[in-house]
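heads up, no residue letters with this:
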């Protein structure tokens, strides 16, 4: 039987969501720019759209990171998710012109 | 929908805490934001009759331009030509002076220019009332009187808490959604009633709240988000440098500019031409305007960038109907926040959604206080803790202080007339706001509730009073009386809620923070 989820260990989970969620959102924005335009300039319309898309990715990660049982677990899983997204960005050549 | 019990319990706790931290700030943001839906009418309501000579025709505007540039050469860096003259735009030519950083965020001194009947130049620094902009600033700064640099991260943090509150609230409600949604249990159990109202309003305005939370997060952090993308992907993310092109040639006369634009974009209706000298000597003109068939990027208009010398359109990225899909999507995010699509009905809907949002945060605070009270009774304590008492007092003082502060600073616009400044309006608002909050803290929630509700209702009634007392040269169209009518409606609601608070203070449970101390001991606790 797994221990029940608690709100009392929020700090570790929330910090993972804030930091790793931000990097995840940044990676997702990079992925979008790579896939769509092969590297868009920052203030192009695709660049603006990808900036906007960072907000829901970041905020949802922070909101849902409490589903992880502990802070360390949240950090590990979100780091893995970041590795996946950023790995794809680098593999596809990245949005850097 | 099934949801494990531990998940619901955990998110209920999270919902309570993020709610109580952000609730009062969100109340101010939503109440002031609801009013900005009618920023135009409010500004017109508050604006003294213009002292400017009637604006010269568009054909005569080059003469006005020459005279202004001779007398005030600093205006050449950036100025606006209004194509439509009305109560919001009484002057043909407008420019700003002051600190560039301040000007970017709406500060600085605005100069309004016109030509007197004898052809001489007239420049005034008092234009349309600044009070509508002040209310807009309150909305964007969640009621904090600090600089943009300080309030933006706080506003962003509140927005993040707001997203968490929405997600957690939804998770908590999902298991009992079908059972509870339409159940409005008005009865003995006051907490049940507030909870049912909180849930009903929350679920039905959820799309609106998701839009507001996510767009506000971007508005707060867009600089940082762009910078992060710049650092990660664009080797520093610097904007491309402009190449110096020598002194810029004479721009087209405004009337010719309008004709050129009409040629290139027949459906675009320009209101204003903004001229700006870019770094490096190049200059551009931004035509702001609308196209009735498309949503727009700002609260009031779309933008076309053109070359001031030959009228060629340089960028249609923000032009209604001419944007690419990405830009159209981004414009729709702005429009969804500003309610700038669908005209009047959408503005009224946003106004009501904004007020109901403010009410949701208020009921959320009430619920927090109520559920703390229960826990303390289980533990055997009869006296409420200091923290609960303070929070209950703030839940009364802050919202009512905000309502009364906005009402009085708005009604002051009429007696102040041309003497009104942003600083004066700000001083009036914060004096009232702080007085209400202090009164609530000193007198306690139970006694100050009915008192401050009545005081706030009185403050709202000064708005129609100011209209009735204003001299006849003030604008007074039927649509402006809607401002007064709305104030009266809100005042009636407040008086009714004052009655409810009074009854509860007298005959509600005695151990509650809402019970008047020293009241006669009738009405045993339930």
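Received it, and whenever you're ready, just let me know what you need. What you see is a predicted model; the values in this text were computed from it and never measured.

for residue B:334, see how far away the closest residue to residue A:49 other than its chain neighbours is.
Using CB to CB, 6 or more residues apart in numbering or on different chains and skipping residues adjacent in sequence, the residue nearest residue A:49 is residue B:326, 4.4 Å away. (Each C-beta comes from the backbone N, C-alpha and C, glycine too.) Residue B:326 sits at a distance of 13 Å from residue B:334 (criterion: CB to CB, to the nearest Å).

I'd assumed residue A:52 was in contact with the residue nearest to residue A:49.
No: contact between residue B:326 and residue A:52 fails when scored by CB atoms under 8 Å: they sit 9.6 Å apart.

which SS class is the closest residue to chain A within the stretch 401-526 of chain B?
Nearest to chain A in the stretch 401-526 of chain B, going by CB to the nearest CB, is residue B:513, at a distance of 24.5 Å. Following DSSP: H, G, I helix; E, B strand; the rest coil, residue B:513 is assigned to coil.

what sits against the residue nearest to it when sequence neighbours are not counted?
Excluding the flanking residues, the one nearest residue B:513 by CB to CB, 6+ apart is residue B:392, at 4.1 Å. Taking CB atoms under 8 Å, 6 or more residues apart in numbering or on different chains as the criterion, residue B:392 is in contact with B:369, B:444-445, B:513-514.

which pair of these spans the longest distance?
B:369 and B:444 (12.4 Å; CB to CB).

look at these two and report which has more neighbours.
Neighbours of residue B:369 and residue B:444, each counted by other CB atoms under 10 Å in any protein chain shown, are more numerous for residue B:369; the result is 24 against 20.

surely the more buried one forms part of a strand?
No: counting by three-state DSSP, residue B:369 is not found in a strand; it is helix.

in contact with it, which residues?
If you count contacts by CB under 8 Å, 6+ apart, residue B:369 has them with B:388, B:391-392, B:395, B:513.

what does residue B:86 show for phi and psi?
Torsion angles at residue B:86 (phi, psi; degrees, to the nearest 10) stand at phi -150, psi -170.

spell out which residues of the stretch 151-300 of chain B are next to chain A.
Among all residues of the stretch 151-300 of chain B, those adjacent to chain A (criterion: CB under 8 Å from any CB of the partner chain) are B:160, B:163-164, B:166-168, B:213-215, B:217-218, B:221-222, B:225-226, B:228-230, B:232-235, B:237, B:239.

at 6 Å what do you get?
B:163-164, B:167, B:214, B:217-218, B:225-226, B:228-230, B:232-234, B:237 (CB under 6 Å from any CB of the partner chain).

following the longest helix seen in chain B, which helix or strand comes up?
Using DSSP state H, we find that the single longest helix of chain B is helix B:422-469. Where DSSP states H and E defines the elements, the next helix or strand beyond helix B:422-469 is helix B:478-507.

quick one: list the elements packing against that following helix.
Applying 3 or more CB pairs under 6 Å, 6 or more residues apart in numbering or on different chains; DSSP states H and E, one finds that helix B:478-507 contacts helix B:39-46, helix B:422-469.

next one: the shortest one to chain centre, how far?
Using CA atoms, centre = their mean, to the nearest Å, the mean C-alpha position of helix B:39-46 is found 13 Å from that of the whole chain.

now what about that helix, what contacts it?
B:87-88, B:128-129, B:131-132, B:413, B:480, B:483 (CB atoms under 6 Å, 6 or more residues apart in numbering or on different chains).

put the buried members of those residues into a ChimeraX selection.
In ChimeraX syntax, the buried subset of those is picked out as below (16 or more other CB atoms under 10 Å in any protein chain shown):
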select /B:87,88,128,129,131,132,413,480,483
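
which of the contacts of helix B:39-46 fall within helices?
Among those, the members found in helices (DSSP H) are B:131-132, B:413, B:480, B:483.

helix/strand/coil for the most centrally placed residue in chain A?
Taking CA atoms, centre = their mean, the centroid of chain A lies closest to residue A:24, which sits 1.6 Å from it. Classification of residue A:24 using three-state DSSP returns helix.

ok, residue B:110 next?
Applying three-state DSSP: residue B:110 is strand.

now name the helix or strand holding residue A:11.
Secondary structure assignment for residue A:11, by DSSP H and E: helix A:10-37.

pLDDT on that helix, on average?
If you average the pLDDT over helix A:10-37, you get 91.

what are the buried residues along it?
Buried, per 16+ other CB under 10 Å, within helix A:10-37: A:10, A:12-14, A:16-17, A:19-34, A:37.
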